[in-house]
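K.L.:
Below are the sequence and a predicted model; questions follow.
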Amino acid sequence: MDPRYLQIAFLSCFLVAGILALGFDVPPWQPPLIILTACATQWAMTRLFRAPPVGYLSPLITSLGLSLLLRTDAFWVGPFAAFVAISGKFVLRARGKHFFNPTNLGLVVAMLLTGHAWCSPSQWGHSAALLGWFAAFGLAVAHRSFRSDVSLAFLGTWVLLKAARIFYLGAPWASLQHQLSAGGLILFTFFMISDPKTTPDHRVGRILYAAAVATLGFVFLHGLWWQNALLWALCLISPLTPLIDRVLPAERFQWPAGGAPERNDACATASSQPA
């Protein structure tokens, strides 16, 4: 099975559970409007750039990610973020590959330009059992997409940095569990940074990429006290992906038309589809 179906099923269930049980502040009209805009943008950009049609699974995943993370007090911000997220796949490319995670790009641009967008990490709560299942399912999806190495490298670096800070400050170790028990962190780890279309092709490159995002995010959070530090870090590190791919070339990931994910030769996919 194409792992994107699993991603869509899980993100949809988590969004519904968040609205009905966790009290997410999401207007009922916002997710459908974001989904409609994302799919319409995919359709329009495919025809504008004369790209081969690749379906709408990826826009659905982006839409669900935006619905889970984006908060706004203006109805037009959600569609704006969806438009930026999807159009960025077609416009911001290097050697036939888009390098910004669409959800991350939509969130960052909306927060930078609109003045009406934010992310609310406190909405997730700190249920260890719920987040444990969340992490387990996310790991399964990431592994199915050949990108569990990114998730594990990022999470391992993040935990080590957090543990080192707690040791340095002499803080109680219970605070580490509290800091890691955040749904936003798990969503970022298994459904954003692990995107197989925007991470480096080579495994060593992916591990370095993940460690760099974790380190920069840690500096932003604890050195500069930035909110949403990991989102900013991922956005700033993402343009390095083409450079990493040039230094460490490897086969490029491709979503399949059907069946399991497959990899194609990087040279043969220099004009790969912007799925």
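P.N.:
Nice, I can see it.

K.L.:
Let's see the pLDDT reported for the residue lying farthest from the centre of the chain.
P.N.:
What lies farthest from the middle of the chain is residue 170; by CA atoms, centre = their mean that is 32.8 Å. Residue 170 carries a pLDDT value of 94.

K.L.:
swap in residue 274?
P.N.:
62.

K.L.:
try residue 73
P.N.:
93.

K.L.:
likewise residue 133?
P.N.:
Model confidence at residue 133, given as pLDDT, is 63.

K.L.:
Residue 256 too?
P.N.:
pLDDT recorded at residue 256 is 68.

K.L.:
Same question for the one 3 residues further on.
P.N.:
pLDDT, the model's per-residue confidence, is 43 for residue 259.

K.L.:
ditto for residue 126
P.N.:
61.

K.L.:
So the residue farthest from the centre of the chain versus residue 220, what's the distance?
P.N.:
23 Å (CB to CB, to the nearest Å). The way it works is simple: take the backbone N, C-alpha and C, and place the C-beta from them, glycine included.

K.L.:
for residue 110, same thing?
P.N.:
Counting by CB to CB, the gap from residue 110 to residue 220 is 18 Å.

K.L.:
So those two - more neighbours on which side?
P.N.:
residue 110 (25 against 19; other CB atoms under 10 Å).

K.L.:
residues of whichever strand or helix holds that one that come out buried?
P.N.:
Take DSSP states H and E as the rule and residue 110 turns out to sit in helix 102-113. Buried residues in helix 102-113, counting neighbours by 16 or more other CB atoms under 10 Å, are found at 102-111.

K.L.:
quick one: which of those residues is nearest residue 77?
P.N.:
Checking the buried residues of helix 102-113 against residue 77 by CB to CB gives residue 110 as the nearest, at 5.6 Å.

K.L.:
I figured that closest one hits residue 70, correct?
P.N.:
Yes. With contact defined as CB atoms under 8 Å, residue 110 reaches residue 70; the gap is 6.6 Å.

K.L.:
same for the helix or strand following the helix holding residue 110, what does it pack against?
P.N.:
Moving toward the C-terminus from helix 102-113, the next helix or strand (DSSP H and E) is strand 117-119. Secondary-structure packing of strand 117-119 (3 or more CB pairs under 8 Å, 6 or more residues apart in numbering; DSSP states H and E): strand 70-72, helix 102-113.

K.L.:
how far is the last one from where the chain is centred?
P.N.:
Right, helix 102-113. On the basis of CA atoms, centre = their mean, to the nearest Å, helix 102-113 sits 11 Å off its chain's mean C-alpha point.

K.L.:
Strands of the stretch 151-275 of the chain, residue ranges please.
P.N.:
Taking DSSP state E, counting those that start in this stretch, the strands of the stretch 151-275 of the chain run over residues 252-254, 262-264.

K.L.:
mean pLDDT for these: which is lowest?
P.N.:
strand 262-264 (a mean of 42).

K.L.:
What pLDDT is listed against the most centrally placed residue in the chain?
P.N.:
Note on the chain: the residue nearest the mean C-alpha position is residue 192, at 1.7 Å, using CA atoms, centre = their mean. Note for residue 192: predicted pLDDT of 92.
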